[in-house]
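Enquirer: Prediction below, plus the sequence it came from.
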Amino acid sequence: MSVWNVIIIGSGPAGLTAALYAARAELKPLVLGGVEAGGQLMLTTAVENFPGFESIQGPELMQKLTAHAQKFGAEVIRKNATRIDFGARPFKIWSGEESYQAKSVIIATGASAQWLGLESETRLRGHGVSSCATCDGFFFKGKRVIVVGGGDTALEDATFLTKFATQVTIVHRRDVLRASKPLQRRAEQNDAISFKWNRQVVEVLGEDRVTGVRLRDTTSGEEETIETDGLFVAIGHKPNTELFAGRIELDAKGYIVATHAGTHHTTTNVDGVFVAGDVEDARYRQAITAAGAGCKAAMDAERWLAERGEVERRTMLYGQ
């Protein structure tokens, strides 16, 4: 069985940028991209904050990133990693019954937004339903939006959205917020923000775009319909780390821990295993920051392999 210099698990902006840099360093990387490849951008319509593109559809951007990596020699296959063994080198990764071996690994499996679980919510994602205020807030200039949630993310998103929307309504299923007191005070003092307490969204209304939501009172069970142009779900994200539990150090929320926290390093507690993107970054969750992390992970992996004599150092191929 051949041993790959580097196997990248994940095919979002982090994984594909890592693949591009590793390929240009002649590491001939393998990308286990998953059956549903492309990450969160596959659920995004217009992307207007990725440098070099004034506006591009999320799936098209991922196709371009994939083609770019493949042009320089990255092999991208649409298979899920189902089992791993990082106990000894070469590392072993399985997809079903098929196994792969690697001198180094880059984990770029991302994080998934937590949703309400409504059919109407799924149908209207990208058509007024979003989980990223910083990504999509610009599209709601002069409009009304609803933010679902009661934690720090929900209040941060609501405050951010007041830069664009004329009216922001926070819908929370309880009558007490979980967010920090400073964020609560900021939201309460913002005239553009209002609250719907003890409410949950039970249906998103609209055919081709969001036109309103149906709310249910969590105490009385009564329902009401309110008009809105957008729905932002801010009830948290879940890192895609089930595969690595017990094998890589995770924090209390399940994110992979970069062992040189506070630095630019992408190392994990397993020597030779690196991490990039939203699977480690709970703060920014942007395509461009994930891509930057993928670049760093590939450079760290290449340096690590070269220091051990596994490959010839080819930093000049990075364009530096």
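Expert: On my side now, so go ahead.

Enquirer: Tell me which residue of the protein is positioned farthest from its centroid.
Expert: What lies farthest from the middle of the chain is residue 220; by Cα atoms, centre = their mean that is 36.5 Å.

Enquirer: mind checking the SS state of it?
Expert: Three-state call for residue 220 (DSSP: H, G, I helix; E, B strand; the rest coil): coil.

Enquirer: who's in contact with it?
Expert: Applying Cβ atoms under 8 Å, 6 or more residues apart in numbering to residue 220 gives no contacts. All C-beta spots, glycine's among them, are computed from the backbone N, C-alpha and C.

Enquirer: can you check residue 135 too?
Expert: By Cβ under 8 Å, 6+ apart, the neighbours of residue 135 are 44, 47, 49, 286.

Enquirer: Tell me which of those residues fall in strands.
Expert: Assigned to strands by DSSP state E, the following of the contacts of residue 135 qualify: residue 47.

Enquirer: For the contacts of residue 135, give me a markdown table that also has pLDDT and neighbour count.
Expert: Formatted as a markdown table, the contacts of residue 135 follow (pLDDT from 0 to 100; neighbours: other Cβ atoms under 10 Å):
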| residue | pLDDT | neighbour count |
| --- | --- | --- |
| 44 | 70 | 23 |
| 47 | 85 | 21 |
| 49 | 87 | 13 |
| 286 | 89 | 18 |
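
Enquirer: And what about the closest residue to residue 98 other than its chain neighbours, helix, strand or coil?
Expert: Counting by Cβ to Cβ, 6 or more residues apart in numbering, residue 98 lies nearest to residue 79, which is 7.5 Å off, once chain neighbours are set aside. Under three-state DSSP, residue 79 falls in the coil class.

Enquirer: and residue 79, how far is that from residue 225?
Expert: Per Cβ to Cβ, to the nearest Å, residue 79 is found 44 Å from residue 225.

Enquirer: Going by how many neighbours each has, rank those two and give me the top one.
Expert: Of the pair residue 79 and residue 225, residue 79 is the one with more neighbours under other Cβ atoms under 10 Å, namely 18 against 11.

Enquirer: what residues are up against that one?
Expert: 32-35, 95-96, 98.

Enquirer: And the buried ones among these, selectable in PyMOL?
Expert: The PyMOL command for the buried members of these (criterion: 16 or more other Cβ atoms under 10 Å) is given here:
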select buried, resi 32+33+34+95
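
Enquirer: Can you list the buried residues in the helix or strand hosting residue 135?
Expert: According to DSSP states H and E, residue 135 maps onto helix 133-136. Across helix 133-136, burial judged by 16+ other Cβ under 10 Å covers 133, 135-136.

Enquirer: now stretch 242-254
Expert: Buried-residue list, stretch 242-254, by 16+ other Cβ under 10 Å: 243-244, 247-248, 250, 254.

Enquirer: How about stretch 77-87?
Expert: Buried residues in stretch 77-87 (16+ other Cβ under 10 Å): 79, 81, 84, 86.
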